[in-house]
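got a sequence here, can you model it:
(4 chains)
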There are 2 protein chains.
Amino acid sequence: MIVLTAKGAATRERIVLGAAELIRGRGLSVGLDDIRGATSTSKSQLFHYFPDGKADLLLAVARHEAARVLGDQQPHLADLTTWEKWLAWRDRVIEIYDGQRAGCPLSALVSQLATPGAREIITELYEQWHRHLVTGIDALKANGATPAGLDENRAATTILTAVTGGANLLQATGDMTYLETALTDALESLRN
Amino acid sequence: MIVLTAKGAATRERIVLGAAELIRGRGLSVGLDDIRGATSTSKSQLFHYFPDGKADLLLAVARHEAARVLGDQQPHLADLTTWEKWLAWRDRVIEIYDGQRAGCPLSALVSQLATPGAREIITELYEQWHRHLVTGIDALKANGATPAGLDENRAATTILTAVTGGANLLQATGDMTYLETALTDALESLRN
DNA sequence: CCCTTCTTGGACTGACCGGTCCAATCCTAC
DNA sequence: GTAGGATTGGACCGGTCAGTCCAAGAAGGG
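Here you go, the predicted model:
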């Protein structure tokens, strides 16, 4: 990595943020010139801060967007200690995906980036997400109101799958029902 | 649509099959020249049988692949009349996705085709799939062994979401656990 | 004040790729 | 067998786009 001054770091960040927003809106089909235009930079800057070119830049965008996915769910995701808070989180998740019907920006990035680096970012995202859910289920368990013999790992996996599957189906069909129903049903297993 | 002789229809099908296989293996990044090479055709043939060019061809491939998705699940999907058959279907689904870790070819197509036509194919696929599941749940209901008050539409939605979410996570992370766990858990709601 | 390093501008290149075109060939109906 | 349409081959075009290059600003330490 090249040594960055404060100014350079700011430019780099401006590029990532601008590119992320552009990709969020138009998916693939964004070229370096689009990014250049949207961020008021020049070609040489793009390659100065991302020496490996577009793949490098997209990877940085993916990292940024992965952090956003979890960040958007806060503070709920970090505090799933009561059933009511689980419901609030569910509502927040539904709200997020309802708002960004265009689709999770990561899906476009992932399909475009077949590199191992991209997969690593995604895997890490899902593992963190899963860990948050497990932590929340454990908290619920400690509070006592969960069914006997509940496996927090299995339950977290099912819940996470419901979210991603629902988001997937929402993006493909434009229908929110899948996400709402599947997520609500998945949470039901925590209750009883 | 242009009038087709038997020969022409065969060529057209050869193109679709070849393109589908190519895309299944290499995702996006397949060009017309790749398809031309893989199917022993010429540029003019591609545009003869698909006058609107690549988009047209990809749409045909998407239709073909959508049919494949359901076809691969037969005969199980059309005969979900007992709990054992549901389990057999589940195993078949897991087997299918385990075998094609590269990912559902439709995901690549969908992200590349933002056209309304593509969305229609996908929506139709999921609606058919959902209908099959509802029919199966109704059969189970008729056989008596389902929990009281089971809503077959909700249950089918949850099951379908588990499958697509699991497939999604499998493709992104390479981990089968999500699909296995989420689908098994979703089916559990039919039982009791 | 100068020298070095970071930073920026933007013209240019070369490859790739979708799409066009025309001519050659095959097939079939009459 | 011949005319007309279907089918095929492949050269060619033009746009797009990632990536290169060089030279000209800031910035700041000595």
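
helices of chain A, start to end?
Applying DSSP state H to chain A gives helices spanning A:6-26, A:32-39, A:43-49, A:54-71, A:83-99, A:105-112, A:116-143, A:152-173, A:177-188.

can you add mean neighbour count and distance to DNA strand D and give these back as CSV?
From N, CA and C alone the C-beta is placed, and that goes for glycine too. Output for the helices of chain A, formatted as CSV (neighbours: other CB atoms under 10 Å in any protein chain shown; distance: least, CB to the nearest atom of the strand, whole Å):
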stretch, mean neighbour count, distance to DNA strand D
helix A:6-26, 16, 6
helix A:32-39, 16, 3
helix A:43-49, 16, 4
helix A:54-71, 18, 4
helix A:83-99, 16, 28
helix A:105-112, 22, 10
helix A:116-143, 17, 14
helix A:152-173, 24, 22
helix A:177-188, 22, 32
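
now those helices in TSV, with distance to residue B:45 and mean pLDDT?
Output for these, formatted as TSV (distance: least, CB to CB, whole Å; pLDDT from 0 to 100):
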stretch	distance to residue B:45	mean pLDDT
helix A:6-26	33	91
helix A:32-39	34	96
helix A:43-49	39	96
helix A:54-71	33	96
helix A:83-99	43	97
helix A:105-112	28	79
helix A:116-143	36	95
helix A:152-173	31	95
helix A:177-188	40	97
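
phi, psi for the residue in chain A that DNA strand D sits nearest to please.
Distances between chain A and DNA strand D by CB to the nearest atom of the strand are smallest at residue A:53, namely 2.3 Å. Residue A:53 has phi and psi values of phi 80, psi -150 when expressed as degrees, to the nearest 10.

what separation is there between the residue of chain A most remote from its centre and DNA strand C?
Computed with CA atoms, centre = their mean, the residue of chain A farthest from its C-alpha average is residue A:148, at 31.8 Å. Using CB to the nearest atom of the strand, to the nearest Å, one obtains 57 Å as the distance from residue A:148 to DNA strand C.

distance to residue B:108 added to the helices of chain A, as TSV?
As requested, the helices of chain A are exported to TSV (distance: least, CB to CB, whole Å):
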stretch	distance to residue B:108
helix A:6-26	17
helix A:32-39	22
helix A:43-49	27
helix A:54-71	17
helix A:83-99	22
helix A:105-112	6
helix A:116-143	14
helix A:152-173	13
helix A:177-188	21
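
for residue A:30, the count of nearby residues, please.
Per other CB atoms under 10 Å in any protein chain shown, the neighbour tally for residue A:30 reads 20.

again with residue A:192
The burial count assigned to residue A:192 is 9, neighbours taken as other CB under 10 Å.

give the contact list for the residue of chain A closest to DNA strand D.
A:46-47 (CB atoms under 8 Å, 6 or more residues apart in numbering or on different chains).

the residue lying closest to residue A:192 once chain neighbours are set aside - how many residues pack around it?
Leaving aside its chain neighbours, residue A:192 sits nearest to residue A:147 (4.2 Å; criterion: CB to CB, 6 or more residues apart in numbering or on different chains). Applying other CB under 10 Å, we find 11 residues neighbouring residue A:147.
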